[in-house]
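J.: following is a predicted model, sequence given first.
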Amino acid sequence: MTTTEKSAPTAAGSGASATQAFRATRQQGAGEAVSPERVDAVVRAVLAGVHEAVRTHKVTYPEFQAAKKWLIEVGEGGEWPLFLDVFVEHVVEAVAAETQQGTKGSILGPYYLPDQQKLPSVAALPSRPDEKGTPLVFAGQVRDVDGNPVAGAELDIWHADEAGYYSGFAPDIPEGNLRGVVVTDDQGRFEISTIQPAPYQIPTDGPTGALITAAGWHPWRPAHLHLIVRAPGYRQITTQLYFEGGEYVDSDVAQATKPELVLNPQDQGDGSLRSEYDFVLERA
Ligand code: MBD
Ligand code: FE
């Protein structure tokens, strides 16, 4: 007789993987020289905000020490990517968006993995034979700001499964599951078969979850598809798409929704969904 052991995903597990993924792939600019003037201006402002919170709320020594303990735990649990992407990245994205035309962007988040399987314009994302969830066909076209189709554009897409977990960041999900790089046809079109993801819950057993509980907030992000859309000569777009009427669309813990990024999937009458969305890229 064989037994299948399923290990439950843990905050420490996904945190360690997210920190590792960040170190391996996302340190662009981290070694670049930043002028002393800019470090002074930005760090001074951050510290001034902290000082003001201490004064306004008359933070006590026990509270200061509790904060120190928590910060240590965030690092030890590998949750800096999670914490920063949930609570800070949306503002960095908003600043970047000030100079961006075309499709609206959103945050990258901690669970992107590069170098996934390249797929043709009509394709199914890699999934398990028994992948749970409502079948979803996601189709559309990539165009430039003048309306011309962009052939050979890449849609780098990744999303959570029907339990809200990402491959690469939870045990027992095969590598590359529900991830892929779909290449548009000569009309810039694509048609991707996958399943509808579930909302994402910040792990409640780690320090970020502990903070959320301590503050009485909720730990949820609405169900979403992640995408990076890129083509040579164009500025790439990192974005997310949500589902109309879905839970937490109006109360995303990461504040990363935008009205332009909400899909309206249509029931196909057979229990499956179809959604159309077109992307618009600006010249680099
Ligand atoms: C996610 O799935 C996500 O997209 C972000 C931004 C943060 C935490 C988990
Ligand atoms: Fe996500």
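T.: Here it is on my side, so go on. Ligands and ions are numbered 1, 2, ... in the order given.

J.: pull the number of nearby residues for whichever residue of the stretch 51-200 of the chain sits closest to ligand 1.
T.: With CB to the nearest ligand atom as the measure, residue 109 is the residue of the stretch 51-200 of the chain nearest to ligand 1, at 2.9 Å. C-beta: built from backbone N, CA, C; applies to glycine. For residue 109, the neighbour count with other CB atoms under 10 Å is 22.

J.: tell me the secondary structure for the closest residue to it other than its chain neighbours?
T.: Leaving out its chain neighbours, the residue that sits closest to residue 109 by CB to CB, 6 or more residues apart in numbering is residue 85, at 5.0 Å. At residue 85 the chain is in helix, as set by DSSP: H, G, I helix; E, B strand; the rest coil.

J.: so which bits of the chain are right by ligand 1?
T.: 82, 85-86, 107, 109-111, 200, 221, 254, 256 (CB under 6 Å from any ligand atom).

J.: quick one, phi/psi of residue 283?
T.: Note on residue 283: backbone dihedrals following degrees, to the nearest 10 are phi -60, psi 140.

J.: so it touches residue 232, yeah?
T.: No: Residue 283 is beyond contact range of residue 232, at 10.9 Å (criterion: CB atoms under 8 Å).

J.: mind checking the longest helix of the chain?
T.: Longest helix in the chain by number of residues (criterion: DSSP state H): helix 36-57.

J.: need the residues that contact that one.
T.: Applying CB atoms under 8 Å, 6 or more residues apart in numbering, the contact partners of helix 36-57 are 59, 64.

J.: quick one, helices of the stretch 151-284 of the chain?
T.: With DSSP state H, counting those that start in this stretch, the ranges of helices along the stretch 151-284 of the chain come out as 207-215.

J.: count of neighbours near residue 19?
T.: Using other CB under 10 Å, residue 19 has 18 neighbouring residues.

J.: let's have the chain start at 108 instead
T.: Let's use 108 as the start, then, which means that last one is residue 126.

J.: so who does the closest residue to it other than its chain neighbours touch?
T.: Using CB to CB, 6+ apart and skipping residues adjacent in sequence, the residue nearest residue 126 is residue 185, 3.8 Å away. For residue 185, the contact set (CB under 8 Å, 6+ apart) comprises 119, 122-127.

J.: now, those residues that are in helices?
T.: Using DSSP H, the subset of these located in helices is 119, 122-127.

J.: of those, select the buried ones using a PyMOL command.
T.: Buried members of the ones in helices among the contacts of residue 185, defined by 16 or more other CB atoms under 10 Å, are picked up in PyMOL with:
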select buried, resi 119+122+123+124+125+126
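
J.: quick check, nearest of the ones in helices among the contacts of residue 185 to residue 237?
T.: When these are compared for distance to residue 237 (CB to CB), residue 124 wins out at 23.4 Å.

J.: if I look at the closest one, how far off is residue 310?
T.: According to CB to CB, to the nearest Å, residue 124 and residue 310 sit 12 Å apart.

J.: and if you look at residue 261?
T.: Separation of residue 261 from residue 310 (CB to CB): 31 Å.

J.: cool, and residue 226?
T.: For residue 226, the distance to residue 310 - CB to CB - is 30 Å.

J.: tell me which of the two has more neighbours.
T.: Of the pair residue 226 and residue 310, residue 310 is the one with more neighbours under other CB under 10 Å, namely 24 against 19.

J.: for that one, give me its contacts.
T.: 116-118, 121-122, 189, 316 are the contacts of residue 310 under CB under 8 Å, 6+ apart.

J.: and these, which are buried?
T.: 116, 118, 121-122, 189, 316.

J.: what's the closest of those residues to ligand 1?
T.: residue 189 (5.7 Å).

J.: cool, thanks, signing off.
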